[in-house]
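**Q** Coordinates for the following, if possible.
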Amino acid sequence: MRKTSPSCSSSCFLLYPFNPPPSPSPRPLCSSPRLLLVPASSFRLLSFPSSHHLVQVSIDNGVLVKTGQRWPLMIDPQMQANRWIKNMEERNGLRLIKLTDPNFLRTLESSIRVGNPVLLEDLGEELDPALEPILLKQLFKQGSRILIRVGEQDVDYDPAFKFYMTTKMSNPHYLPDVCIKATLINFVITLDGLEDQLLGDVVRKERPDLEAMKDKLVVSMASDKKQLSDLQDKVLKLLKESEGMILDNEPLINTLQQSKFTTSMIVKRVADATETDEQISTAREGYRSVATRGSLIYFVVADLAEIDPMYQYSLEYFKRLYNYCIEVSEKNEDLDKRLEILIAFITDFMYKNVCRGLFEKHKLIFSFLICSSIQRNLGNITTAEWNFILRGAPPAEAKVKNPDPTFVSSPQWEAVLGLEAQMPHLFEGFVGSVTDSVKLWKQWAGTAMPQDAPLPEPWQGQLNSFQKMIVLKIFREEKLVFATSKYVEEKMGRSFTESPPIMLAEIYPDTDYRTPVIFVLSVGSDPTGALIKFAEEKNYLSRLQSISLGQGQGPVAEKVIAQSTKKGDWVCLMNCHLATSWMGALEKIVEEFAHGVGDENFRLWLTSMPSKSFPVSVLQNGIKLTNEPPKGLRANLIGTFTMLAEEWEVCGNDRGGRDGRYWKKLLVGLAFFHAVVQERRKYGALGWNIRYEFNTSDILCAKDVLKMFTRNFEEMPWEALTYVTGHVNYGGMRVLVPSNHKFSSTTTSFSSL
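**A** Presented below is the predicted three-dimensional model:
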């Protein structure tokens, strides 16, 4: 991973975790030149004693933004600083611009003239050269006027002008020339910082009385400290301006008496409030386990973007789901039971919600990362064990001779030596065990499923499940995938190793006019059939506008969207990855949805292959769905039966119930056959002319043929059914000629189930 250039350390400030107060609360910073006394107090009061370091760093970040000599450039992937700047400067007429805006320089010019603050969003790793005079504050005088050059014009400079910059990149690499022009400030949230925010959310939902009291204390204590500071200022001012004998200065004496009385009252109130605050904090701490689980899951979800650029989830979207879980989960008066319910519900809901937008090959990785993060937080997996699973053991000196080079390869033997050297408290004697009992280890490693076989003693009873995975990694690394699935099932349940079926009817309630639904495509997948069927169920088929994007289709799509937002139609934009140049316009269109549309029944559906050009903001706040067949016969059959649930009773009891009996049995056989064919994709093109991903359209076509034969023929035409399904629908030009007979025979066997 790239890191910020070390050369910037002498020319910029780089501070860490940002933990702003949860809303509602006093604004974190104000324009007072006096070291921001009240806001800093608010920051401290809205955190906890254990998070004092985080609070101080947050205050430092805020002070740098407000008082730094250079304009701030904030590293802000979770858009927390972005929202803070907008809230703080909204009343001052904040203007928002991006470098992709065609008129961003004109907006800058007008803001500099009138003194409006400007927020430049979504910066990349390079800045526009036209910004250099502004960043370097290259002001000059012309008579009594203060000017600055913007582009090719000299513009009057208003001292009230402020300039902020933010980037969504979590780990940007800025060159030194950028670092000397701006103050780099890291607003990336940390695990502890997010945990404190989620704690505030769960307490606000579960114990609103506590959170309201906490907010009231924040305001009152900050106000008291501000009042105390003002009194001190007033006394110092009077002392400075006093002439002659101080005792003869009646206003000063009265102010001192008032200050003494007020100070004693404020000190007492602050002491009482502090004690109350500690009691509230103790009560809030009871819900910390829920916040910890939410924080752990978020950072796993956020890291998914490293696997695929389409796996983008914003913190705001995650917190919306988190609060939804708190609201809809089962209630219980017993706190311990309620915490168990919340933790289980949040974990399961987040897994299913995110999992539906992941490709099959990444779902087990996701569930394992959640499981391992939880276990590492509980202390059940040490850092050394985790590093060994990820990276293996460092090279170790071969002090002991390899007992059997035909069984244990040289890299494996180095791993055995490194394992005992790296974790002697767990694997003391492991090298000797392999050396002395090499036949037993060879027998274990040679089994078909070593992940299920017991280890040679004493290691079977001495190691836990994760430590056994470490041993398996050394001798049979290819079986680690199966061991991973077994470990997740053991710790979290079977549901976390299976793909939840995707039904548009279940997902639709989560959508609104602001939230697009994004189908992430894979080779051979086509979700338009499912969308058309769903639109038909909702009586929206005539109001579904579909556009295949490509060259010149951008303006057409914009016009259709503009019309559909007024009429409440649905719009499906297909193959967004083919319209790279239009993605910026799409991002602006989706952002404008937040301000409202003419008819809130409007929905936007997007399809795209994985693409780095797809707008991050659309991905972060949209609902992502993949359209892949699930792995495993069981998951595949569940998905097929879920999809065909409404087809189960289409053939009634005509002809003495014959149609219904044939239809249901043959439909089950067809689903089983389809699942087997899809599972064969692991063998690639073997048996076919080309590698072909059999998808939903194949089974839907075969289902329609089966329905026709069942309804229209007195006697079931078995040979025709077998031929059409096996040779034509699933065979065709995809199957090698010698395999056609086997394919047809297989179809017959499944039809006779």
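
**Q** Packing partners of the helix or strand hosting D272?
**A** Assigned by DSSP states H and E, D272 falls within helix 250-285. Secondary-structure packing of helix 250-285 (3 or more Cβ pairs under 8 Å, 6 or more residues apart in numbering; DSSP states H and E): helix 208-241. C-beta coordinates here come from the backbone N, C-alpha and C atoms, glycine included.

**Q** circling back to that earlier point, give me the average confidence score over the helix holding D272.
**A** Mean pLDDT, helix 250-285: 78.

**Q** That helix to helix 208-241, inter-axis angle?
**A** Relative orientation of helix 250-285 versus helix 208-241 (axes from the mean of the first three to the mean of the last three Cα atoms, to 10 degrees): 160 degrees.

**Q** What's the first helix or strand after helix 250-285?
**A** Scanning onward from helix 250-285 (DSSP H and E), the first element met is helix 288-303.

**Q** Now do that following helix against helix 250-285, angle only.
**A** 80 degrees.

**Q** Give me the buried positions along helix 288-303.
**A** For helix 288-303, the neighbour count (16 or more other Cβ atoms under 10 Å) marks 288-298, 300-302 as buried.

**Q** Contacts for that helix, please.
**A** 77, 191-192, 194-196, 198-199, 201-202, 313, 315, 318, 322, 339, 342-343, 346-347, 350, 354, 366, 369-370, 373-374, 377 (Cβ atoms under 8 Å, 6 or more residues apart in numbering).

**Q** Can you select the buried ones from those in PyMOL?
**A** Selecting only the buried entries of the contacts of helix 288-303 in PyMOL, with 16+ other Cβ under 10 Å as the criterion:
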select buried, resi 77+192+194+195+196+198+199+201+202+313+315+318+322+339+342+343+346+347+350+354+366+369+370+373+374
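
**Q** In helices, which of the contacts of helix 288-303 appear?
**A** 191-192, 194-196, 198-199, 201-202, 315, 318, 322, 339, 342-343, 346-347, 350, 354, 366, 369-370, 373-374, 377 (DSSP state H).

**Q** Spatially nearest residue to E211, not counting backbone neighbours?
**A** Spatial nearest neighbour of E211, chain neighbours left out: R204 (4.2 Å); criterion: Cβ to Cβ, 6 or more residues apart in numbering.

**Q** That should have said V705, apologies.
**A** Counting by Cβ to Cβ, 6+ apart, V724 is the residue found nearest to V705 once chain neighbours are left out, at 5.4 Å.

**Q** Now do the one you found, the pLDDT please.
**A** Note on V724: pLDDT of 81.

**Q** quick one: the helix or strand hosting V571 to chain centroid distance?
**A** If you go by DSSP H and E, V571 is part of strand 570-574. A distance of 24 Å separates the centroid of the chain from that of strand 570-574, by Cα atoms, centre = their mean, to the nearest Å.

**Q** got the contact list for it?
**A** Against strand 570-574 from outside (Cβ under 8 Å, 6+ apart): 528, 531, 535, 540, 543-549, 557, 560-561, 564, 586, 602-607.

**Q** Mind giving me the PyMOL command for buried ones among those residues?
**A** Those of those that count as buried under 16+ other Cβ under 10 Å are selected in PyMOL with:
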select buried, resi 528+531+535+540+543+544+545+546+547+549+557+560+561+564+586+602+603+604+605+606+607
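
**Q** still on that earlier bit, note down every partner strand of the strand holding V571 and its orientation.
**A** strand 544-548 (parallel), strand 603-608 (parallel) (DSSP bridges).

**Q** Rounded mean pLDDT for the shortest one, please.
**A** It stands for strand 544-548. 91.

**Q** now do the longest one
**A** Throughout strand 603-608, pLDDT has a mean value of 93.

**Q** And the contacts of that strand?
**A** Residues from elsewhere that reach strand 603-608, judged by Cβ under 8 Å, 6+ apart: 310, 511, 513, 516-521, 527-528, 531, 561, 570-577, 590, 593, 614, 618, 622.

**Q** Now, these that are in strands?
**A** Of these, the ones assigned to strands by DSSP state E are V517, I518, F519, V520, W570, V571, C572, L573, M574.

**Q** Report the two of those separated the most.
**A** V520 and W570 (18.9 Å; Cβ to Cβ).

**Q** Of those two, give the one with the bigger neighbour count.
**A** Legend: neighbour count by other Cβ atoms under 10 Å for V520 and W570, higher for V520 (25 against 21).

**Q** my guess is the more buried one contacts T626, does it?
**A** Yes. Assessed by Cβ atoms under 8 Å, V520 is found in contact with T626 at 5.0 Å.

**Q** quick one: low-confidence parts of this protein?
**A** Flagging of the chain using pLDDT under 70 yields the residue ranges 1-57, 244, 246, 396, 398, 524, 629-630, 646-661, 682-693, 732-753.

**Q** before we move on, the earlier item: ok, the residue nearest to E211 - how many residues close by?
**A** If we define neighbours as other Cβ under 10 Å, then R204 has 19 of them.

**Q** With Q678 instead?
**A** The local packing of Q678 (other Cβ under 10 Å) involves 22 other residues.

**Q** Doesn't it lie inside a helix?
**A** Yes. Counting by DSSP: H, G, I helix; E, B strand; the rest coil, Q678 falls inside a helix.

**Q** what sits in contact with each of V520 and T626?
**A** By the contact definition Cβ under 8 Å, 6+ apart, V520 and T626 are jointly contacted by G357, F359.

**Q** And the spatially most central residue of the chain, how far from L521?
**A** Taking Cα atoms, centre = their mean, the centroid of the chain lies closest to Y313, which sits 3.2 Å from it. Distance, Y313 to L521, using Cβ to Cβ, to the nearest Å: 19 Å.

**Q** now do V556
**A** 21 Å.

**Q** more neighbours, these two?
**A** For V556 and L521, the more surrounded residue by other Cβ under 10 Å is L521, and the numbers stand at 22 against 11.

**Q** And the helices in the stretch 51-200 of the chain?
**A** 52-67, 80-89, 104-114, 132-135, 176-179, 191-206 (DSSP state H, counting those that start in this stretch).

**Q** For the stretch 651-753 of the chain, which segments count as helices?
**A** Using DSSP H, counting those that start in this stretch, helices in the stretch 651-753 of the chain cover 654-679, 696-712, 718-722, 740-751.

**Q** In this structure E414 contacts A393, no?
**A** Yes. If you go by Cβ under 8 Å, E414 and A393 touch, sitting 7.1 Å apart.

**Q** neighbours of the residue nearest to S613 when sequence neighbours are not counted, just the number please.
**A** Spatial nearest neighbour of S613, chain neighbours left out: T580 (4.4 Å); criterion: Cβ to Cβ, 6+ apart. Residues near T580, counting by other Cβ under 10 Å, number 13.

**Q** now D230
**A** 13.

**Q** gap between it and D698?
**A** From D230 to D698 the distance is 77 Å (Cβ to Cβ).

**Q** repeat for R476
**A** 36 Å.

**Q** pretty sure E243 belongs to a strand, no?
**A** No. Using three-state DSSP, the secondary structure at E243 is coil, not a strand.

**Q** Could you list which residues are in contact with it?
**A** Counting by Cβ under 8 Å, 6+ apart, E243 touches no other residue.
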